[in-house]
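Trainee: pasted the sequence and its predicted model underneath.
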Amino acid sequence: MPRIADLFSRREREIMNIVFASGEATAGEVLARMADPPSYSAVRAMLRILEQKGHLRHELKGTAYVYKPTLNRDKASRSALDQLLRTFFDGSAAKVVSTLLDQHAKNLSSEELENLSALIDRARKEGR
């Protein structure tokens, strides 16, 4: 099973979000949903690159290639987060959480803060 081996460029991330949201998409559909889209041939090239990297696969339907993700969004998110953790936070989950809280604590609801607290308590009890 392929892993997300590197972080996506902005355009790659945008394309993956489009494909994840719809479950599948042609190059034309991706192009139509992109903000400030590049040329059609550039979209096709990026789809080919994402396929070569193992993130997408295609099927021929009629005369069009239909692209689908090779991983579900949850697995892809976990893999990307693992890479982000290793690349920017020295593998420390505490550094990631600290950075997120420093940047976004004011946007968290009381319920979200309670959920985070419960997760920390559970991790302590499970000896993590």
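Mentor: Nice, I can see it.

Trainee: how does the chain divide into domains?
Mentor: Listed domain ranges for the chain are 1-88, 90-128 (source: automatic domain parsing).

Trainee: now render the ones you listed as a markdown table, adding mean neighbour count and mean pLDDT.
Mentor: For glycine as for every other residue, the C-beta is placed from the backbone atoms N, C-alpha and C. Shown next, in a markdown table, are those (neighbours: other C-beta atoms under 10 Å; pLDDT from 0 to 100):
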| stretch | mean neighbour count | mean pLDDT |
| --- | --- | --- |
| domain 1-88 | 15 | 88 |
| domain 90-128 | 10 | 87 |
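
Trainee: can you give me the helices for this structure?
Mentor: In the chain, the helices defined using DSSP state H lie at 10-22, 27-33, 40-52, 73-88, 93-104, 110-125.

Trainee: how far off helix 40-52 does the first one point, in degrees?
Mentor: It stands for helix 10-22. Angle of helix 10-22 versus helix 40-52, following axes from the mean of the first three to the mean of the last three C-alpha atoms, to 10 degrees, is 80 degrees.

Trainee: give me the helices and strands touching helix 10-22, please.
Mentor: Here helix 10-22 touches helix 27-33, helix 40-52, strand 64-69, helix 73-88, going by 3 or more C-beta pairs under 8 Å, 6 or more residues apart in numbering; DSSP states H and E.
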